[in-house]
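Colleague: Predicted model and sequence below, questions to follow.
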Amino acid sequence: MLVATDNFIVARNVHLNIPVAGRKRRRSLKANPLAALRDFYWQRRQKELRPLIKGLSFELREGDRLGVIGQNGAGKTTLLRLLAGILVPSSGTLEVNGVTQALLSFSMGMQPEATGLENIYLRGFCHGLSAREIRKRIPEIVEFAQLERVIHDPVRTYSSGMQLRLSFAVATSVKAEILLLDEWISAGDRFFVQRSRERLLGHIDACKILVFASHNLALLGELCTRGIVLKGGKAVFEGDIKDALAFYDSDAYEAAG
Amino acid sequence: MLEARARQAQSEPLPLKTRSSRPRDLPDKSAWQLFRDLGASLRVPGFWAYGAWMDTVLRYRTHALGPVWMVSGTVVFVLVLGTLYSRVLGAEGQRYLPHLAAGIVVWGFLQHSLQGSARVFASNRNLIQNGYVHYADYILRLLLKNSIELAHNFLVVVAVLFFSGVTLTAAAWVLLLTVPLVFAAIMGACFLFAVVGARYADFQNALQSVLRVAIFVTPIIWGPHMLERGRGAFIGPFLYLNPFYYLVEVVRAPLVYGHVPWLEICVLAAAIPLIWAVAAHIYGRARAYIPLWV
């Protein structure tokens, strides 16, 4: 039995259908002023729906590290966006219990005119920290990002590597219970890649549940214990990460679905 | 599972402030979502309060005049238009300048809030797509930023009142009621316009055209009392069809003319539940689709 204080993710028969974005004309008020009323009421049922996730069920407990495997368009990122609460399932139940952090891309919301320090605050609030918690973390963030000399300059004057280091340092200074990680973006020079890898691994170790979507099979095998293989929005295999990777590599994946 | 949910409700607070630990079922289309989201955002003000302050500071950081820069536009508008139009309209009383100042300052707040809300989700697209889905935060950030601007501009109104020799009467106390009323009406409208603006990309253009006309249709440069004589008299009754009239008048009349516009206050107070009901209904239906639209 799951207890409320545990961290868990329970998905039961989760489907996600999204309305197909029709011709551009339909999203214009000028072309069709009544479109607003029609959209909200009369045409709901006739609307063309595209299934992105078809009946996923799984249960993750504390300590589980789930690798999400699949070709492009299989629904990996969509699954992460469901777990992050960005998208809402069309049917089925999805329960996510725990402080969730989604690192889907590191480009999240920098204000170019604001200073590095101000951006640390804003990003910190985004990750759910309080002002005091942010203040406590600032020296360590600035040190890791190696921005001591330019932290009071506007972020628009930073190089892209500096911006990446800053958002990465803030994101990984937050303690999350459930970590959702999309395709590890290793940009930056080789010195940063080495240091960021250590820090990211530490961040992952500190969280209770990891859901990691990637094409990097070696990294998946290293970080995850369980694997789920997606194809066309369906889970075609679920089990131990080694078996999942083997399944993805074999002809069975081509044949599945 | 039910037990887990029940216990979740009474469980201890999680170590970090979070709003992500609720069960997520089917797209919940309940109208109460708006009030739940708003309540959740009000309890965790970090992002929107800091963001609004940052938006304000950034606007004048590079200007030598600093915060003065924010009000200089209002000052120029009131002085130039006030001098010119008081002659054109033959309204050379001591109340014309305060009338214009109060009107334009309230109007600026309305315009910036409504126009900003129509594109608020689109301009925060990056944050929404990365998982910051507290939609009420974006609205509150916009409104707080505009409120800070309003507070600065209000100093211009006070200065104009002072130099025109208009003294405040006891009627000014009613501002404590009418300013929150205007604020409540605008906040409801912002939620509504934000959703519609996210769905229809051209809504903000349409709104811009409407507001551009509305500033002339609403008694800001002219006043309703100017209609009572001459050829404009027939326009009078049509004023009451203009929603902006109420929003401007409930603040301006007690301040400049020293009378309490009870009719306008009642209409506004009656309209607020209506605005919020429509906004909550639309927001509830649309909430799950916002990330797909922006």
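Modeller: Good, I have the coordinates.
Colleague: Touching stretch B:167-180 from outside, list them.
Modeller: Residues outside stretch B:167-180 that contact it (Cβ atoms under 8 Å, 6 or more residues apart in numbering or on different chains): B:L161, B:V250, B:V251, B:A253, B:P254, B:L255, B:G258, B:H259, B:V260, B:I265, B:L268. (C-beta placed from N, C-alpha, C; glycine too.)
Colleague: Give me the distance from that stretch to the chain's centre.
Modeller: With Cα atoms, centre = their mean, to the nearest Å as the basis, stretch B:167-180 stands 19 Å off its chain's centre.
Colleague: pLDDT wise, what is residue 146 at?
Modeller: Going with chain A. What the model reports for A:Q146 is a pLDDT of 89.
Colleague: I was thinking of chain B, sorry if that wasn't clear
Modeller: Looking at B:N146, its pLDDT is 95.
Colleague: quick one: the helix ranked longest in chain A near chain B?
Modeller: Looking across chain A with DSSP state H, the single longest helix is helix A:190-206. No: where contact is defined by Cβ under 8 Å from any Cβ of the partner chain, no part of helix A:190-206 touches chain B; the two come within 12.1 Å at best.
Colleague: in that helix, what counts as buried?
Modeller: By neighbour count, with 16 or more other Cβ atoms under 10 Å in any protein chain shown as the criterion, the buried positions of helix A:190-206 are A:F192, A:S196, A:R199, A:L200, A:H203, A:I204.
Colleague: Against which helices or strands is that helix packed?
Modeller: Packing partners of helix A:190-206 (3 or more Cβ pairs under 8 Å, 6 or more residues apart in numbering or on different chains; DSSP states H and E): helix A:160-171, strand A:178-182.
Colleague: Show me what the following helix or strand past it pairs with in its sheet, parallel or antiparallel.
Modeller: Moving toward the C-terminus from helix A:190-206, the next helix or strand (DSSP states H and E) is strand A:209-213. With DSSP bridges as the test, strand A:209-213 is paired with strand A:65-69 (parallel), strand A:178-182 (parallel).
Colleague: So what does A:V150 have for phi and psi?
Modeller: phi -120, psi 10 (degrees, to the nearest 10).
Colleague: burial of it, as a residue count?
Modeller: The criterion is other Cβ atoms under 10 Å in any protein chain shown. On that basis, A:V150 has 18 neighbouring residues.
Colleague: is it true that it touches A:G116?
Modeller: Yes: when contacts are counted by Cβ atoms under 8 Å, A:V150 is listed as touching A:G116 (6.5 Å).
Colleague: what does the stretch 151-294 of chain B put close to chain A?
Modeller: The stretch 151-294 of chain B has residues B:196, B:199-203, B:206, B:282, B:285-286, B:288-289, B:291-292 near chain A, with proximity defined as Cβ under 8 Å from any Cβ.
Colleague: Now restrict these to buried residues only.
Modeller: Among those, those classed as buried by neighbour count (16+ other Cβ under 10 Å) are B:V196, B:R199, B:Y200, B:A201, B:F203, B:A206, B:I282, B:R285, B:A286, B:A288, B:Y289, B:P291.
Colleague: Need the max-distance pair from these.
Modeller: The most widely separated members of these, counting by Cβ to Cβ, are B:A206 and B:A288 (24.8 Å).
Colleague: so who does the most centrally placed residue in chain A touch?
Modeller: Closest residue to the average C-alpha location of chain A: A:L104 at 3.6 Å, with Cα atoms, centre = their mean. Remark: with contacts taken as Cβ under 8 Å, 6+ apart, A:L104 is in contact with A:T77, A:L80, A:R81, A:A84, A:L180, A:D182, B:Q129, B:N130, B:G131.
Colleague: same check, this time on B:Y245
Modeller: Applying Cβ under 8 Å, 6+ apart, the residues near B:Y245 are B:T218, B:P219, B:P224, B:L239, B:E264.
Colleague: how about these in TSV, adding distance to A:G73, pLDDT and secondary structure?
Modeller: Conversion of the contacts of B:Y245 to TSV gives the following (distance: Cβ to Cβ, whole Å; pLDDT from 0 to 100; DSSP: H, G, I helix; E, B strand; the rest coil):
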residue	distance to A:G73	pLDDT	secondary structure
B:T218	52	90	coil
B:P219	57	89	coil
B:P224	61	78	helix
B:L239	57	83	helix
B:E264	57	93	helix
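Colleague: so which of these would you say is closest to B:D28?
Modeller: Lowest distance from B:D28 to the contacts of B:Y245 (Cβ to Cβ) belongs to B:E264, with 37.0 Å.
Colleague: Tell me how many other residues surround the closest one.
Modeller: Counted by other Cβ under 10 Å, the residues lying close to B:E264 total 22.
Colleague: picking that back up, show me the contacts of stretch B:167-180 that map onto helices.
Modeller: If you go by DSSP H, those have B:L161, B:V250, B:V251, B:I265, B:L268 in helices.
Colleague: pretty sure the fourth one is in contact with B:L181, am I right?
Modeller: Spelled out, that is B:I265. Yes: taking contacts as Cβ under 8 Å, B:I265 lies within contact range of B:L181: 7.0 Å.
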